[in-house]
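J.: coordinates only, sequence not included:
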């Protein structure tokens, strides 16, 4: 049986204050599905990554038509963007309209990804050629659905599938209660991917790979769409991850890696085993890698081990430099973050905070506090405005308040930065302009400091922390162990 696995070209999305740009990273989930199909046998696979190849819709359409698949398997979003998908369907509907203009649909047309997982009925109505939407984490439902198709059984009994019957009626099967564990997935079919094309925007000339060691996030953040990977962490065996690292390094010359776990260090024993393995296998000197994690409970010992194992930077979801807003979103305290950043700086391990304008409860004053906090640390402010994604806690709370209806993407886009805040569009415009001015000033300061052989922002975490303690001497002092 022939299958076309289509990872579409995803254009930059910018409307109102919503902005998303899809990275040139490997589409891991569809590559894992391809590897599983190869294990099953009996499948001829066409794997298309139109995004990294920069193919137009017409170029992708021509390749699918020439191949003539029995199954069209379309992925609406890449693995690294599951929690914050592009809030738009136009690139999806455009591809389907052009593909099926004068061309008969294959025997099966399947759509997977966060868009269908959020609004499956909407996708099936917008795409009349689609037979089914595969909901939730890509791999387990794909294994089940494609296995059923190969056996000639259809999809009526496959959990986590929304499907259209011969009369055009829509059916939504229950969610799968016991999906295949993440640890049992095969490694991605790297050989089907144009590995030389993938890169990290910060180092475009360096061979790059995105990997995962775990999935799932039990934390209560209100802005991430978590239904694709769940609330519980599921881990891969460290040896399997190390084998993958060794494979991409030795076979494809990869020297830069992003571990795209939601919380890389949630299980410290697991993290320690990975780091020790990278050192033991001699991989640490060959690569530099990055990860994202939540810093709560992190130890100096583990940070040092990560550094020794090749970690070049840690990204963490601080999101705001306002004490008031930190209380709202339940992340680290600012003092705790400053402690971690100061220690990371002392061992040469940058700990870089993410930033979001317009979280619920934000005001002009709290946003300015954040901008000043990041500026003093020497961090350029990306005026990233919060998007209230469907099925998130912030989205559910906005429905309860009557701010949104909760049934469409347009209100998600138009409410960016506004839902749940004390700001209007004029205020957001003022803030964004202020942030751009601060960034121009920051560039000037950095040039001036470099002229004197210094680095603007270095040592700032320690200074800011000392200032905060002088202002509030009775406050509880965080200790990074």
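T.: Perfect, I can see it now. Please read these numbers as outputs of a predicted model, since none were measured by experiment.

J.: in this protein, which ranges drop under the pLDDT threshold?
T.: Along the chain, the model assigns pLDDT under 70 to residues 475-479.

J.: What is the longest helix belonging to the chain packed up against?
T.: Secondary structure of the chain per DSSP state H: the longest helix is helix 425-451. Here helix 425-451 touches helix 364-376, going by 3 or more Cβ pairs under 8 Å, 6 or more residues apart in numbering; DSSP states H and E. No exception for glycine: its C-beta is placed from N, CA and C like everyone else's.

J.: which residues are in contact with the helix it packs on?
T.: Helix 364-376 has contacts (Cβ atoms under 8 Å, 6 or more residues apart in numbering) with 320-325, 334, 353, 355, 357-358, 380-381, 422-423, 427, 430-431, 434-435, 438, 441-442, 457, 460, 464.

J.: wait, what's in contact with the closest residue to residue 481 other than its chain neighbours?
T.: Spatially, and ignoring its direct neighbours in sequence, residue 481 is nearest to residue 299 (5.1 Å; Cβ to Cβ, 6 or more residues apart in numbering). Counting by Cβ under 8 Å, 6+ apart, residue 299 touches 268, 480-481.

J.: so where do the helices sit in the stretch 251-400 of the chain?
T.: 268-280, 300-308, 323-329, 334-346, 364-376, 393-401 (DSSP state H, counting those that start in this stretch).

J.: could you dump those helices to a markdown table with distance to residue 113 and mean neighbour count?
T.: Formatted as a markdown table, the helices of the stretch 251-400 of the chain follow (distance: least, Cβ to Cβ, whole Å; neighbours: other Cβ atoms under 10 Å):
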| stretch | distance to residue 113 | mean neighbour count |
| --- | --- | --- |
| helix 268-280 | 28 | 19 |
| helix 300-308 | 32 | 18 |
| helix 323-329 | 27 | 17 |
| helix 334-346 | 33 | 21 |
| helix 364-376 | 32 | 20 |
| helix 393-401 | 18 | 16 |
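
J.: Touching the one helix or strand residue 117 maps to from outside, list them.
T.: Residue 117 is part of helix 114-118, with elements assigned from DSSP states H and E. Where contact means Cβ under 8 Å, 6+ apart, the residues beyond helix 114-118 that reach it are 76-77, 82, 85, 89, 92, 123, 133-136, 162, 225, 227-228, 389-391.

J.: at 6 Å what do you get?
T.: With Cβ atoms under 6 Å, 6 or more residues apart in numbering as the test, helix 114-118 has contacts from 76-77, 82, 85, 123, 133, 135-136, 227-228, 390-391.

J.: in it, what counts as buried?
T.: Judged by neighbour count (16 or more other Cβ atoms under 10 Å), helix 114-118 contains these buried residues: 114-118.

J.: Could you do stretch 401-414 as well?
T.: So, applying 16+ other Cβ under 10 Å, buried residues of stretch 401-414: 403-404, 409, 411-413.

J.: and these, which two are the farthest apart?
T.: Farthest pair in the buried residues of stretch 401-414 (Cβ to Cβ) is 403 and 409. Separation: 15.5 Å.

J.: quick one on the thing from earlier: and the contacts of helix 114-118, which are buried?
T.: Applying 16+ other Cβ under 10 Å to the contacts of helix 114-118 flags 76-77, 82, 85, 123, 133, 135-136, 227-228, 390 as buried.

J.: Could you save these as JSON lines and add columns showing secondary structure?
T.: Listed next are the buried ones among the contacts of helix 114-118 as JSON lines, based on DSSP: H, G, I helix; E, B strand; the rest coil:
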{"residue": "76", "secondary structure": "coil"}
{"residue": "77", "secondary structure": "coil"}
{"residue": "82", "secondary structure": "coil"}
{"residue": "85", "secondary structure": "coil"}
{"residue": "123", "secondary structure": "helix"}
{"residue": "133", "secondary structure": "strand"}
{"residue": "135", "secondary structure": "coil"}
{"residue": "136", "secondary structure": "coil"}
{"residue": "227", "secondary structure": "coil"}
{"residue": "228", "secondary structure": "coil"}
{"residue": "390", "secondary structure": "coil"}
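
J.: Break the protein into its domains for me.
T.: Following automatic domain parsing, one finds the domains of the chain at 2-172, 355-481.

J.: Between the two ends of the shortest one, how far is it?
T.: Length of domain 355-481, first residue to last, Cα to Cα, to the nearest Å: 26 Å.

J.: so how far is it off the chain centroid?
T.: Domain 355-481 sits 19 Å away from the centroid of its parent chain (Cα atoms, centre = their mean, to the nearest Å).

J.: what's the longest strand along the chain in contact with?
T.: Assignment by DSSP state E gives strand 311-319 as the longest strand of the chain. Identification of contacts with strand 311-319 by Cβ under 6 Å, 6+ apart yields 288-290, 292, 295, 337, 350-354, 356.

J.: what are the pairing partners of it, and which direction each?
T.: Strand pairing for strand 311-319, determined by DSSP bridges: strand 288-293 (parallel), strand 351-355 (parallel).

J.: Now the last one: buried residues?
T.: It refers to strand 351-355. 351-353, 355.
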